[in-house]
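*Asks:* predicted model and sequence follow; I will ask about them next.
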Amino acid sequence: MPKIAHIEYFRVPPRWLFVKITDDAGNVGWGEASLEGHTQAVEGCLDAYIERYTGMDADDIEHIWQTTWRIGFYRGGPVFMSALSGIDIALWDLKARKLGVPIHQLLGGKVRDKIKVYAWIGGDRPSDVTVQAEARKAQGFTAVKMNGTEDLGWLDSPSALDDCVERLKAVKAIGMDAGIDFHGRLHKPMAKQLAKLLEPHRPMFIEEPLLSEHPDAIKALSQLTSTPIALGERLHSRWDIRPFLESGAIDILQPDISHCGGISEMRRIAAMAETYDVALAPHCPLGPIALAANVQVAAATPNFAIQEMSLGIHYNAGSQDLTSYTHNPEVWKVTGGYIDLMKGPGLGIEVDEEQVRRLSKGAKAWISPGFIGPGGEVREWKKTRCSGTQPCPLCIRAGSDCQFTAPYTRGRVPSVPLEEHIDGTLRSVPREFEHSASEARLVPGLADRVIGTFGESFTAEQSLLPSHQIDMGQSQLPHLDQVTSRAHSSRNSPEPSQTDLQGHYVGPSSGVSFLLRVQKKLHQKVSFSPNSSIFTFGDAPLPEFDPSFFVLPPKDDAQKLVARYFEYAIATHRFLHRPTVEQWLEEFYDGLGVMKEKHGARERTAVLFMVFAQATEYMTDSIKPSGVDTSARYFQIADNQLSSETGEIRLTSVQARLCQCFYLLARSRVNHCWSLFGTTAHLILAIGIHRKRRVEASNGTDLVEVECRKRVFWCAYGLDNYLSAALGRPRTFHDDDIDQELPTCVNDSDLTPQRINTNASKAQSIMMASVAHNTLAKILSHILHDLYSIRPPPLPVRVSLSQKYSEELQSWRKNLSRFLDAEGVDTSLLIPLFQRQRNVLNLAYYHALILVHRPFLLSNFASLNSRKGGRGAPGTPDMDRNVKECLNAAMKITEIVNELTEGRQIFRAFWFTQYFAFCAVVVLYVYTIQQRTAPEERYRPYFDAATRCQKQISAMAENESLAQRYTVVLEELRLEAIKQTQNPARQLGNELNSAVQSNFSAPQAVMQPSQIAHGGINGTTMQSPVNMFSASDATMQLGDGPNSTTPSSLMAELTSWGEFDSLVTAGIGGLDYMFLGDSSRSWDVDMDADPGRMLLQ
């Protein structure tokens, strides 16, 4: 008979203890001895068992069990029995594997082919219950278990029970069964009330309504309700269970196979329960070995009812899950509420020993948190919320070491804010815990696996702006903080470098009243959390979510998201290879959220979730009625994967982060994008993606990787240029360091690791537009370098450069004229992706023209009134030609935006469209201001086009979005244009008054496209500017009053377009210190007394 040669145990995350037994013939068996919160105690017991049982016959399972139970004198209890469970399960596995049969064959054979299962949902937050239950339903479950109540006192308010009833009703309403777990939190007075309240709604069972230390009370409670009562997880042997069976106190028995002595004792407990007509529903919030052992017993047990599964349970958040540590996680696939009975030998799972050993190194034991009531008393398995600061007053009162675990978040790890006195000393201020914008980066995500998100049904229809009425006139402006004056330079000294509110460098600058007014308005309209990370400050926080529960979307929906990503979401930024991503998707779902190929699994998983996230932004139901922002969930899961990345830098690492950059832009988080792009660019440089790689077909080079390296670099290169233009900051990549080739113009379907088939189809390649955009990015790079450097070129040089780049852009467009101009072709006949590509390239082209020519319209805002002579000066042929080209490009952009809006083809995620439109409208308003003394017909078409486009931008505005910032600034320019176009004989009329009162710059919701077309704003109409120059308002005439500054003084000292864009796009700039004396303080006069004021009096 084989002898036990080795017994080993492995402490592994999240809170499990695995046991491996090897006999002298090399046969192996695995067991689980997990005892949550007492790992070290069980390990000590196992050390004793190792010494005792090494050398004994491995087949003598019952003899070893009885030796453990009887010879030790002291017996039972959770520690001893959990250690015994690990030994017992491993011995059964070893024996069955040696015989080549499943364990249930050794227990008398199966009585069923499928095992009914249920899963956990949090249930603490009523708003989460329906969403989580629907997610479990989409995953295949038909039953769930959830928390019953928050912790309650011995006698609490009856109203404290109402939420539990509502949560149960919500789950039942979607056609699912639900068990209610009280964790023994209740005491008799409350338990009796709750049992009666729940009874009409027919829960599947109520679990541990009272602690098992009170068998008589449980019996009494069972006689008061018809709802089945379940317990057993804290009963560790037949002898512990017998009193409950004999008294008839329970209907469902829930022993835990890792705590009750393993398979041997579980089998006996089940048989004993059957004689009392009590069902078996084993407790198992533990690992895959324990669950597999339960399944083997269930297969051979007549009175088995349902099995708990820990798939995606909150305890596993931020760590390993049920699908980890095995090579065949597909055995846990749930269909119609059941899993199939495993057919493999032994437990039926294949343990990944390499991963077990690797993750056991340095693993810490899970510690059950202490639950403290408001009076400092210890409570049952629940805690009240902390103050949200560290140290926590409750922990101080209890004399405990504060680990900031007081908020009961079912697996969520909150951020740890520290409160400060004004003098800088730390203090703790009790307050309700609130999640900060930076918390998303502290929340633990998933590790080698992700158990999935929600089961929404996606459609391929294009997203339309929701139908909301917009209220632009009733918002109250916040009080302005007093601005601390700063020392400023002399007029004869170089101006100090400007930074925005984030401390980001934005180039040399100065500012006067117009910029300060813009800054103040941005202060008023766009609020930023002071708790935001320095890397995200200036952006709206991503929506928070509970990371303890996340279920994969159904595979069909995931496939639709991948299709939407490649067929619409990414028009020209195509740096992923579709067949590769689809292959990863298959691997991911075949493994139930585990990549079978472990090398680089985190990055591949992150790429998948970023594809889901970005595609969701272009789906009709990107945000469900429940209010759950699924794209933000996908992003944060991907972010967690990348935060745990180890080893060498891989191409996939860069692809995932580049996906994140584009997603953040789509969500108006440009500062976060800027910070992340810096890391991404450095990774690109570190692995040499910017350099050309020699390719030899004979040496086995992967051509997909070669092409993806090119695609990644040139998409990053283009993004670098657009961020530089939008933020007015230096570029990261420098042309002198780059020799990477442009990508090959080949469809993904014609690109394989061994071959590139460029002649496979006569149709236009999807990559054509992407390569064209890359080529345009190279031209744009030179434009930014030569025309927007820190030292602008002299006027003659600027004229020559503008001619040069105009010709380069025209040549670029000529090569694409059949596609971009499409004369005589109905563009609606183009497939959606080609329509998107055509619009993106046209917008990018016209924006590049604006960048070339707008310095001639206005080289700096101080020269708005300048009429100096000389080559290229206003009124010369050079100037007129460049200005005309700039205006034509701006008008083309407004026409494209108008077509998109009227065709209901515009998304909030079109970040570049919003930015290009903003640049165009600024140009048109500036031209209107410059032409204030000219006949109205000269500038009127431009003003009208700008006003229309401004409305369309405002329709995309959400709180703290880029579109909102653009709208604030454009409204200031619009009002300035109206004011400056008046003269002593032609005074401003009623429209300015109504425009000021309408507070057009602060949209509170999104306008429906139909409203835009008709000018409807909050039930009113923004009047056409037809009569705006004829009515009289003596108080607003040019030169009257402190707010009627001329353009030269209004915009003096702003020295570049880049700084103007940066002020708007990057956040709020710090411009006050640029003013001499106390002139800046005039902006704060009476603001506290009249916070709703639009213009200063």
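*Replies:* Thanks, I have it.
*Asks:* and whichever strand or helix holds Ile89, what other elements does it pack with?
*Replies:* Using DSSP states H and E, Ile89 sits in helix 78-99. Helix 78-99 sits against strand 4-12, strand 16-23, strand 28-32, helix 39-53, helix 61-70, helix 103-106, helix 262-274, helix 288-299, with contacts defined as 3 or more Cβ pairs under 8 Å, 6 or more residues apart in numbering; DSSP states H and E. The way it works is simple: take the backbone N, C-alpha and C, and place the C-beta from them, glycine included.
*Asks:* most packed of the ones you listed?
*Replies:* helix 288-299 (a mean of 29; mean count of other Cβ atoms under 10 Å).
*Asks:* that helix versus helix 262-274: what angle between them?
*Replies:* 40 degrees (axes from the mean of the first three to the mean of the last three Cα atoms, to 10 degrees).
*Asks:* oh, and call the first residue 43 from now on, that's how I've got it
*Replies:* From this message on, residue numbering opens at 43, which makes the last subject helix 330-341.
*Asks:* packing partners of helix 330-341?
*Replies:* Using 3+ Cβ pairs under 8 Å, 6+ apart: helix 330-341 touches strand 70-74, helix 120-141, helix 145-148, strand 156-162, helix 304-316, strand 349-351.
*Asks:* would you format those as JSON lines with mean pLDDT included?
*Replies:* Shown next, in JSON lines, are those (pLDDT from 0 to 100):
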{"stretch": "strand 70-74", "mean pLDDT": "97"}
{"stretch": "helix 120-141", "mean pLDDT": "96"}
{"stretch": "helix 145-148", "mean pLDDT": "96"}
{"stretch": "strand 156-162", "mean pLDDT": "94"}
{"stretch": "helix 304-316", "mean pLDDT": "96"}
{"stretch": "strand 349-351", "mean pLDDT": "94"}
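*Asks:* out of those, which gets nearest to Met661?
*Replies:* strand 156-162 (26.2 Å; Cβ to Cβ).
*Asks:* how about that closest one, which residues are buried there?
*Replies:* Ile157, Lys158, Val159, Tyr160, Ala161, Trp162 (16 or more other Cβ atoms under 10 Å).
*Asks:* contacting residues for His325?
*Replies:* When contacts are counted by Cβ atoms under 8 Å, 6 or more residues apart in numbering, His325 is found next to Gly274, Glu275, Gln296, Pro297, Asp298, Glu350.
*Asks:* nearest to Leu929, of the helices and strands packed on helix 330-341?
*Replies:* Nearest of the helices and strands packed on helix 330-341 (Cβ to Cβ): strand 156-162, 61.7 Å.
*Asks:* using CSV, write out every CA atom in that closest one.
*Replies:* Extracted C-alpha coordinates of strand 156-162, given in CSV (Å, rounded to 0.1, in the frame of the first residue of the first chain):
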residue,chain,number,x,y,z
LYS,A,156,-26.2,18.5,-12.8
ILE,A,157,-25.8,20.5,-9.6
LYS,A,158,-28.1,23.4,-8.8
VAL,A,159,-26.1,26.4,-7.7
TYR,A,160,-26.6,30.0,-6.4
ALA,A,161,-24.2,32.9,-6.1
TRP,A,162,-23.8,35.9,-3.8
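*Asks:* could you list the buried residues of the following helix or strand past that strand?
*Replies:* Later in the chain than strand 156-162, the nearest helix or strand by DSSP H and E is helix 168-181. For helix 168-181, the neighbour count (16+ other Cβ under 10 Å) marks Asp170, Val171, Thr172, Val173, Gln174, Ala175, Glu176, Ala177, Arg178, Lys179, Ala180, Gln181 as buried.
*Asks:* and for stretch 209-221?
*Replies:* Arg209, Leu210, Ala212, Val213, Lys214, Met218, Asp219, Ala220, Gly221.
*Asks:* picking up where we left off before, Leu1004: which of the buried residues of helix 168-181 is nearest?
*Replies:* Val173 (28.8 Å).
*Asks:* any idea how far Tyr51 is from Asp89?
*Replies:* Between Tyr51 and Asp89 the distance is 9 Å, computed by Cβ to Cβ, to the nearest Å.
*Asks:* what does Gly79 give?
*Replies:* Relative to Asp89, and taking Cβ to Cβ, Gly79 is found at 19 Å.
*Asks:* swap in Arg117?
*Replies:* Arg117 is 18 Å from Asp89, by Cβ to Cβ.
*Asks:* got it, and Leu627?
*Replies:* 45 Å.
*Asks:* now swap in Lys152 and tell me
*Replies:* From Lys152 to Asp89 the distance is 36 Å (Cβ to Cβ).
*Asks:* equivalent analysis for Gln782, please.
*Replies:* 58 Å.
*Asks:* likewise Trp854?
*Replies:* Separation of Trp854 from Asp89 (Cβ to Cβ): 74 Å.
*Asks:* and Tyr984, by the same measure?
*Replies:* With Cβ to Cβ as the criterion, Tyr984 and Asp89 are 84 Å apart.
*Asks:* Ala313 now?
*Replies:* From Ala313 to Asp89 the distance is 32 Å (Cβ to Cβ).
*Asks:* just Asn336 next, same as before
*Replies:* 26 Å.
*Asks:* how about Gly164?
*Replies:* Gly164 is 37 Å from Asp89, by Cβ to Cβ.
*Asks:* just to revisit the earlier point, tell me the one among the buried residues of helix 168-181 nearest to Phe954.
*Replies:* Nearest member of the buried residues of helix 168-181 to Phe954, counting by Cβ to Cβ, is Val173, at 32.6 Å.
*Asks:* hmm, which helix or strand of the protein has the shakiest average pLDDT?
*Replies:* Sorting the helices and strands of the chain by mean pLDDT, DSSP states H and E puts helix 481-484 at the bottom, at a mean of 31.
*Asks:* hang on, Ile381 in a strand?
*Replies:* Yes: according to DSSP: H, G, I helix; E, B strand; the rest coil, Ile381 belongs to a strand.
*Asks:* what bridges to it?
*Replies:* Ile157 (DSSP bridges).
*Asks:* who's in contact with it?
*Replies:* Lys156, Ile157, Val159, Val337, Met351, Val373, Trp374, Lys375.
*Asks:* would you mind measuring from the last one to Gln625?
*Replies:* Between Lys375 and Gln625 the computed distance is 20 Å (Cβ to Cβ).
*Asks:* which one's more surrounded, the two?
*Replies:* Lys375 (16 against 12; other Cβ atoms under 10 Å).
*Asks:* pretty sure that one contacts Phe183?
*Replies:* No: the criterion here is Cβ atoms under 8 Å, and Lys375 misses it with Phe183 at 11.5 Å.
*Asks:* any common contacting residues for those two?
*Replies:* With contacts defined as Cβ under 8 Å, 6+ apart, no residue is shared by Lys375 and Phe183.
*Asks:* neighbours around Ser410, how many?
*Replies:* The burial count for Ser410: 10, using other Cβ under 10 Å.
*Asks:* wait, a strand at it?
*Replies:* No: counting by three-state DSSP, Ser410 is not part of a strand but coil.
*Asks:* hang on, isn't it packed against Glu78?
*Replies:* Yes: with contacts defined as Cβ under 8 Å, Ser410 counts as touching Glu78 at a distance of 6.3 Å.
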